[in-house]
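Asks: Pasting the sequence and the predicted model now:
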Amino acid sequence: MDAETAPPVPLFSRIETDNDKDDDFFTIDVGGRTASVFRRARNGVRGNYYLKGWLGARQLLRCTGFSTKGMARDAAVKIWRAALESRFDVLEATKLRKDKPVASIGEVIEAFSDHIGEFNLKIKPRTTAGYTNALKTVLRKVHAGDVERVSTSALTEELCEKFFAAHVKEAGGDLIERDARIRGANSTLRNARAMFSATAMKCYRRLHLPDLGGFLKASTMDDPTVEHQEITSAAMWEIAQAARWLRDQMPALYVTHLLYRHLGMRNDEIENARLEWMEKRSDVVWLPDGQRRAIAGYMVIKKRKEWAPKRSSGEVPIAPAVWREIRRFSTAKQPGDFLIEARNITERSWLVDRDHSEFVRPWMTEHSKTSYELRRWAATVVAKRQGDEFADRFLRHKSKSVAGKHYLTAHAPVAPLTFTDCFVSSF
């Protein structure tokens, strides 16, 4: 056979010649379990040794990383021993799970809270608590009493259907409230299912769980289309007038309102904001219509030792009058003190989330959210004055242009929102 008709050399091939077959193929034994080790070749060139063995019905094939027989043998023994020990651990854990009754909801919550941080290094304690609370919320709509004692066998497709029916029924004939209930139910169920993601399931290796396919795959209701409505000038004036009362009666809630309204901050950012986040840096912005806007300083939202932003970092400009109002209630504070005065973290969370939501709710009956609508309003004001790009920077969105992400080291500042933008005069 000439060279032109000779079959091509396979990319990978076992080398088994009469002269070097003993060197290119041998077996190893670990605890009575054997595996083969052989050398592979690439385009006819002898390469590294590979280990091949069977773990039940699964074949293990690993490269030893060595081309010399002695070193390859030592490496293969270590790989084979580790694989066998890992399989024994899995079998032992499986046996333990089968010997136990089906885990309760309380056991799942405890295991998730104790171990999820080992497998998901980015998850925050607040997110963990949110997932566990969502799971309990789903169960409480259907089961009475202590839901932590309920068996995980209750997590079925039928449970999801009953949860949706009970949650949406509470809206009655109010179509706006019904849409809000559907969005809320979908969000709650997504958070509850997050406790059984591929990563989270590693927390339950010692627990016996039932088949959760129905619970995880149950269809949700389509989120109603949301058409965001702009807060009217009249409503904004009324909100600003009502905030004057907060200034004297509830100063902590008043500062919270300023951070929502003038800086467009998220609730998590407000709850964690400290005095040192406010950096004094004077600047001036000229708007396209010729208006001059002064900047007294910036709220610097970035990753710190004790906290990290939800999406991305950024600096929010603060108008002089707004700066004075915020600092008016911080004269006795140290740089590391929270901007929002509260006795503890729970009280601060309730104030920022629930109390402020109740404060603005009378003006948000036709909107999908409450406090968050002020963030939308502020971004809309910025977009109208300077364009969408400036609104993105004001909101500190993670998505940026190629130039903004990789090249630009400075940007034209966003014009701060003043009291005049809220149709009231400065104090």
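Replies: It's in.

Asks: Show me the shaky parts of the stretch 1-150 of the chain.
Replies: 1-22, 57, 87-100 (pLDDT under 70).

Asks: Which residue would you name as the spatial centre of this structure?
Replies: In the chain, the residue lying closest to the centroid (CA atoms, centre = their mean) is residue 123, at 6.8 Å.

Asks: Reduced to three states, what does that residue come out as?
Replies: coil (DSSP: H, G, I helix; E, B strand; the rest coil).

Asks: okay, now the nearest residue to residue 292 once chain neighbours are set aside: neighbour count?
Replies: Sequence neighbours aside, residue 286 is the residue nearest to residue 292 in space, at 5.9 Å (criterion: CB to CB, 6 or more residues apart in numbering). Heads up, the C-betas are built off the backbone N, CA and C, glycines and all. For residue 286, the count of nearby residues is 11 (other CB atoms under 10 Å).

Asks: List the backbone torsions phi and psi for residue 286.
Replies: The phi/psi pair for residue 286 (degrees, to the nearest 10) reads phi -100, psi 120.

Asks: could you measure it against residue 380, distance?
Replies: Residue 286 sits 21 Å away from residue 380, going by CB to CB, to the nearest Å.

Asks: go on, residue 276?
Replies: 30 Å.

Asks: Please enumerate the strands of the stretch 251-400 of the chain.
Replies: 278-286, 292-301, 314-318 (DSSP state E, counting those that start in this stretch).

Asks: mind exporting the second one as PDB, just the C-alpha atoms?
Replies: Which is strand 292-301. Taking Å, rounded to 0.1, in the frame of the first residue of the first chain, the C-alpha atoms of strand 292-301 are listed here in PDB:
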ATOM      1  CA  ARG A 292     -26.700  76.200  35.900                       C
ATOM      2  CA  ARG A 293     -26.800  73.500  38.500                       C
ATOM      3  CA  ALA A 294     -24.500  73.400  41.500                       C
ATOM      4  CA  ILE A 295     -23.300  70.200  43.100                       C
ATOM      5  CA  ALA A 296     -22.400  70.200  46.800                       C
ATOM      6  CA  GLY A 297     -21.100  66.600  46.900                       C
ATOM      7  CA  TYR A 298     -21.700  63.000  46.000                       C
ATOM      8  CA  MET A 299     -23.200  59.900  47.500                       C
ATOM      9  CA  VAL A 300     -20.500  57.400  46.700                       C
ATOM     10  CA  ILE A 301     -22.100  53.900  46.400                       C
END
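
Asks: Now do that strand against strand 278-286, angle only.
Replies: Between strand 292-301 and strand 278-286, the angle comes out at 150 degrees (axes from the mean of the first three to the mean of the last three CA atoms, to 10 degrees).

Asks: Let's see stretch 309-321 as PDB, backbone CA atoms only.
Replies: Only the C-alpha atoms of stretch 309-321 are listed here, as PDB (Å, rounded to 0.1, in the frame of the first residue of the first chain):
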ATOM      1  CA  PRO A 309     -24.100  47.200  46.000                       C
ATOM      2  CA  LYS A 310     -26.800  45.100  44.500                       C
ATOM      3  CA  ARG A 311     -25.800  45.800  40.900                       C
ATOM      4  CA  SER A 312     -22.900  48.200  40.400                       C
ATOM      5  CA  SER A 313     -21.100  51.100  42.000                       C
ATOM      6  CA  GLY A 314     -21.500  54.800  41.200                       C
ATOM      7  CA  GLU A 315     -21.700  58.300  42.500                       C
ATOM      8  CA  VAL A 316     -24.900  60.300  42.800                       C
ATOM      9  CA  PRO A 317     -24.700  64.100  42.800                       C
ATOM     10  CA  ILE A 318     -26.400  66.000  45.600                       C
ATOM     11  CA  ALA A 319     -27.700  69.600  45.300                       C
ATOM     12  CA  PRO A 320     -26.600  72.100  47.900                       C
ATOM     13  CA  ALA A 321     -30.000  72.400  49.500                       C
END
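
Asks: That one: how far from the chain's middle?
Replies: Between the centre of stretch 309-321 and the centre of its chain there are 21 Å (CA atoms, centre = their mean, to the nearest Å).

Asks: List the buried residues in it.
Replies: The neighbour-count check on stretch 309-321 (16 or more other CB atoms under 10 Å) flags 309, 314-321 as buried.

Asks: Save those as JSON lines, and put in distance to residue 23 too.
Replies: Listed next are these as JSON lines, based on distance: CB to CB, whole Å:
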{"residue": "309", "distance to residue 23": "59"}
{"residue": "314", "distance to residue 23": "63"}
{"residue": "315", "distance to residue 23": "66"}
{"residue": "316", "distance to residue 23": "69"}
{"residue": "317", "distance to residue 23": "73"}
{"residue": "318", "distance to residue 23": "75"}
{"residue": "319", "distance to residue 23": "80"}
{"residue": "320", "distance to residue 23": "82"}
{"residue": "321", "distance to residue 23": "84"}
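
Asks: From the residues you listed, pick the one nearest residue 352.
Replies: residue 309 (15.5 Å; CB to CB).

Asks: Please name the residues that touch the nearest residue to that closest one once chain neighbours are set aside.
Replies: The spatial neighbour of residue 309 that comes closest, neighbours along the chain excluded (CB to CB, 6+ apart), is residue 301 at 5.6 Å. Listed by CB atoms under 8 Å, 6 or more residues apart in numbering, the contact set of residue 301 reads 265, 269, 277, 309, 313-316, 396.

Asks: Tell me which of the strands of the stretch 251-400 of the chain is the most buried.
Replies: For the strands of the stretch 251-400 of the chain, average neighbour numbers computed from mean count of other CB atoms under 10 Å are highest in strand 314-318, which has a mean of 24.

Asks: Give me every residue in contact with stretch 154-164, excluding its own residues.
Replies: Stretch 154-164 is contacted from outside by 105, 138-139, 141-143, 185, 188-189, 210, 212, 214-215, 217-218, 220-221, using CB under 8 Å, 6+ apart.

Asks: so how many other residues sit close to residue 243?
Replies: 20.

Asks: hang on, isn't it packed against residue 257?
Replies: Yes - with contacts counted by CB atoms under 8 Å, residue 243 reaches residue 257, the gap being 5.3 Å.
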